[in-house]
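[1] return a 3D structure for these sequence lines:
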Amino acid sequence: MGVNLEAGRRHGAVKSNEDSFETLFAAEYARVAGIANRVLADPHEAEDVAQEVFIDFNRLHSAAAPYAAAWLYRAAAHKALNRVRGRRRRERRELSQAADEGGRAMDPQHVFETSEDRRMVRQALARLAPKPATVLVLRASGLSYAEVAQALGVGIGQIGTLLRRAEAALRKEVTRGTSL
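    Have a look, this model is predicted:
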């Protein structure tokens with residue numbers, strides 16, 4: 001009889017964890033996907049990132065953790081930035097391979113995207129250190145100073161300074177990127 005009671009408790013705990021995760025997912029998915037989309041400018045890829053972030057969170061943490069939202073926001077920004085960095089490495093490899101394959105010129109429409117300014121900003125953002133890049137992404141995604149502070153694990157009074165420094169670093173990287 002004691003074994004049945006223990007199994008029932010475990011089943012109840014599992015069900016409760018599933019319910020907590022579903023509640024967390026419903027409450028935060030749109031914002032997590034929005035943060036990823038702000039970086040990637042691709043809603044489908046942003047949804048993939050959001051799903052990966054929630055899977056990682058569910059595997060590592062309890063959905064009832066008080067830091068859940070902050071963790072999800074930070075992870076979305078980091079994972080999206082990593083995708084941009086990976087994309088940039090892939091583009092360099094492809095350009096190198098194209099040059100090796102007879103030096104054929106690539107289609108200018110492919111090389112120069114419609115929104116050149118956004119592409120340069122994304123590349124510059126990917127060159128920033130993780131903390132400044134994350135501050136910019138989270139704030140640009142609509143998070144308040146308090147939410148950004150919680151996501152980064154710093155005091156709210158530091159966010160203004162971190163944001164100004166991150167913006168200055170981004171401007172420097174954009175300028176550096178246009179002079180390359």
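[2] secondary structure element for the residue nearest the centre of the chain?
    Geometric centre of the chain, nearest residue: Ala77, 2.1 Å, by CA atoms, centre = their mean. Taking DSSP states H and E as the criterion, Ala77 maps to helix 68-100.
[3] by contact count, what packs against that helix?
    helix 2-40, helix 43-60, helix 116-127, helix 130-140, helix 145-152 (3 or more CB pairs under 8 Å, 6 or more residues apart in numbering; DSSP states H and E). Bear in mind the C-beta positions are built from the backbone N, C-alpha and C, glycine included.
[4] for Arg164, find the nearest of those helices.
    Between Arg164 and the helices and strands packed on helix 68-100, the shortest gap by CB to CB is with helix 130-140, which sits at 9.8 Å.
[5] got phi/psi on Gly142?
    Main-chain dihedrals, Gly142, degrees, to the nearest 10: phi 100, psi 10.
[6] what about the closest residue to it other than its chain neighbours, how many residues close to it?
    Closest residue to Gly142 apart from its sequence neighbours, by CB to CB, 6 or more residues apart in numbering: Gly34 at 7.2 Å. Counted with other CB atoms under 10 Å, the neighbours of Gly34 add up to 17.
[7] tell me the pLDDT of the nearest residue to Trp71 once chain neighbours are set aside.
    Spatial nearest neighbour of Trp71, excluding adjacent residues (CB to CB, 6+ apart): Phe57 at 6.2 Å. The model reports Phe57 with a pLDDT of 95.
[8] touching, Glu47 and Gly34? I think so.
    No - using CB atoms under 8 Å, Glu47 is not in contact with Gly34; the gap is 10.5 Å.
[9] what does the average pLDDT come to for stretch 134-153?
    Here the average pLDDT along stretch 134-153 is 91.
[10] list the buried residues in that stretch.
    For stretch 134-153, a neighbour-count test (16 or more other CB atoms under 10 Å) marks 134-139, 141, 143, 145, 147-152 as buried.
[11] and the end-to-end length of that stretch?
    12 Å (CA to CA, to the nearest Å).
[12] closest to Ala169 among the buried residues of stretch 134-153?
    The closest of the buried residues of stretch 134-153, once distances to Ala169 are taken by CB to CB, is Leu136, at 8.9 Å.
[13] so how far is Arg119 from the residue nearest to Gly142?
    Distance, Gly34 to Arg119, by CB to CB, to the nearest Å: 20 Å.
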